[in-house]
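In: Structure of the sequence below:
(one chain, ligands or ions: 3)
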Amino acid sequence: MAQAETAILLVQLGTPDQPTEEAVRRYLRQFLSDRRVVDMNRLLWWPLLHGIILRSRPSKSAKLYKKIWRDDKTSPLLHYTRALQQEMARRFQGRHSSGVRVDFAMRYGNPGLRCKVGSLVREGVRRLLIVPLFPQYAGATVASVMDEVMRPMHIHRLMPTLRVMTPYYAQDAYIDALVASLEGVDLSEPDHRLLLSYHGLPKRHVDEGDPYENHCQTTTLLLTEELDLRHDQWMMSYQSRFGSEPWLEPNTDMLFKTLPSQGIKKLTVMCPGFAADCLETLEEISETGRQTFLKAGGSHFNYIPCLNDEPYWVDALEKMIEDEMHGWLHGPMSA
Ligand SMILES: C=CC1=C(C)c2cc3[nH]c(cc4nc(cc5[nH]c(cc1n2)c(C)c5CCC(=O)O)C(CCC(=O)O)=C4C)c(C)c3C=C
Ligand SMILES: [Fe+2]
Ligand SMILES: [Fe+2]
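Out: Ligands and ions are numbered 1, 2, ... in the order given. Sure, this is the predicted structure:
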């Protein structure tokens, strides 16, 4: 078959190539140099980043990455993103006469987003659907992805037609997949809570108009309604705080430390904002968070894995992608 003219590009945040100090430094340098992530004045940020953070953090983070690295020598985030892409490619095979290609890229690290978009355009892709794997919109994630998607376009005369998948924080297909991942969880005991922990964001971003907090709250309300939970059966919080300015509250780690003394001894934790398990879920929540909660007097800690490449999530995402591709899967190519 000729090269596909329509492409679906799944985009994840990114991850180091290896769990080593050098690879983590390279990854963090790219990540933390992004103005969408840290928007501090460069004259103040540069000395902090290069003089302190990139000297101290990579060796500490590399040790944590080593704990979660997989036997197949990949990071969990890369493993699940690739598995999702392979399954989605299988599902879209033969769906258009000129072919539909499904690929994936990372905003930071490899395979790099800028390179991937450039090669898709060079290879003749004329319609491109970008699927940021972030259910809740944040400028630090989705807008940053779009900045990078546009960069290679500057050097090509013919730009493909671009679509970007709408943030799916309130889509039935996503909420239903989260419900499916909680199957068998019994929250009827009075000392048991469901904790929904989302990645944090500086509060200032929200004050300046970022809808992220609102999107997280909406996901939580739709999910807890769908599960028929009472208000005293669930809580939501924000994890992975970084830097010194105020971040969204309440902080997940603080809840792990204080909930047992308030009589909440059992916790089921899920991270609906993470499409795939990664350092922030497997290490920060399922390992360190578990230890913190049990040490503080908790008796039971149940971590629910992310949607990853679960078949019911592939079904859900396939449906949402089909909706976004309206008019693209049938009929002739336009200019
Ligand atoms: C100012 C710093 C950060 C902002 C803002 C931020 C937003 C943000 N991040 C994710 C998703 C992920 N972040 C991950 C790792 C990670 N995040 C930060 C900092 C900010 N994130 C750092 C420094 C790191 C690196 C890890 C470390 O050194 O501790 C990951 C995991 C990647 C992996 O390889 O496993 C994810 C996923 C979202 C969704 C978000 C905004 C809402
Ligand atoms: Fe992050
Ligand atoms: Fe973290």
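In: can you give me the strands for the stretch 151-300 of the chain?
Out: 161-164, 192-199, 234-239, 266-270, 300-303 (DSSP state E, counting those that start in this stretch).
In: which residues touch Thr220?
Out: 196, 234, 236, 272 (Cβ atoms under 8 Å, 6 or more residues apart in numbering). Glycine gets a C-beta too; all of them are placed from N, C-alpha and C.
In: Go again with 7 Å.
Out: Shown in contact with Thr220 (Cβ atoms under 7 Å, 6 or more residues apart in numbering): 196, 236.
In: related to what we said a few turns ago, would JSON lines of the strands of the stretch 151-300 of the chain with mean neighbour count and distance to ligand 1 be doable?
Out: Formatted as JSON lines, the strands of the stretch 151-300 of the chain follow (neighbours: other Cβ atoms under 10 Å; distance: least, Cβ to the nearest ligand atom, whole Å):
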{"stretch": "strand 161-164", "mean neighbour count": "15", "distance to ligand 1": "16"}
{"stretch": "strand 192-199", "mean neighbour count": "24", "distance to ligand 1": "4"}
{"stretch": "strand 234-239", "mean neighbour count": "21", "distance to ligand 1": "9"}
{"stretch": "strand 266-270", "mean neighbour count": "22", "distance to ligand 1": "15"}
{"stretch": "strand 300-303", "mean neighbour count": "16", "distance to ligand 1": "15"}
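In: how about those, which one is nearest ligand 3?
Out: Of all these, it is strand 234-239 that lies closest to ligand 3, at 7.4 Å by Cβ to the ion.
In: Count the neighbours of the residue of the chain found nearest ligand 3 for me.
Out: Residue of the chain nearest ligand 3, by Cβ to the ion: Ser240 (4.2 Å). Using other Cβ atoms under 10 Å, Ser240 has 20 other residues around it.
In: What residues does this structure have near ligand 3?
Out: Within the chain, the positions near ligand 3 by Cβ under 5 Å from the ion are 240, 280, 284.
In: of those residues, closest to Glu226?
Out: Proximity of the residues of the chain next to ligand 3 to Glu226 (Cβ to Cβ) peaks at Glu280, which lies at 24.7 Å.
In: residues near that closest one, how many?
Out: Neighbours around Glu280, by other Cβ under 10 Å: 19.
In: cool, and Phe293?
Out: Count around Phe293 with other Cβ under 10 Å applied: 27.
In: so what's it up against?
Out: Phe293 neighbours (Cβ under 7 Å, 6+ apart): 256, 260, 267, 301.
In: Among those residues, which pair sits farthest apart?
Out: Among these, Pro260 and Phe301 lie farthest apart (Cβ to Cβ), at 10.5 Å.
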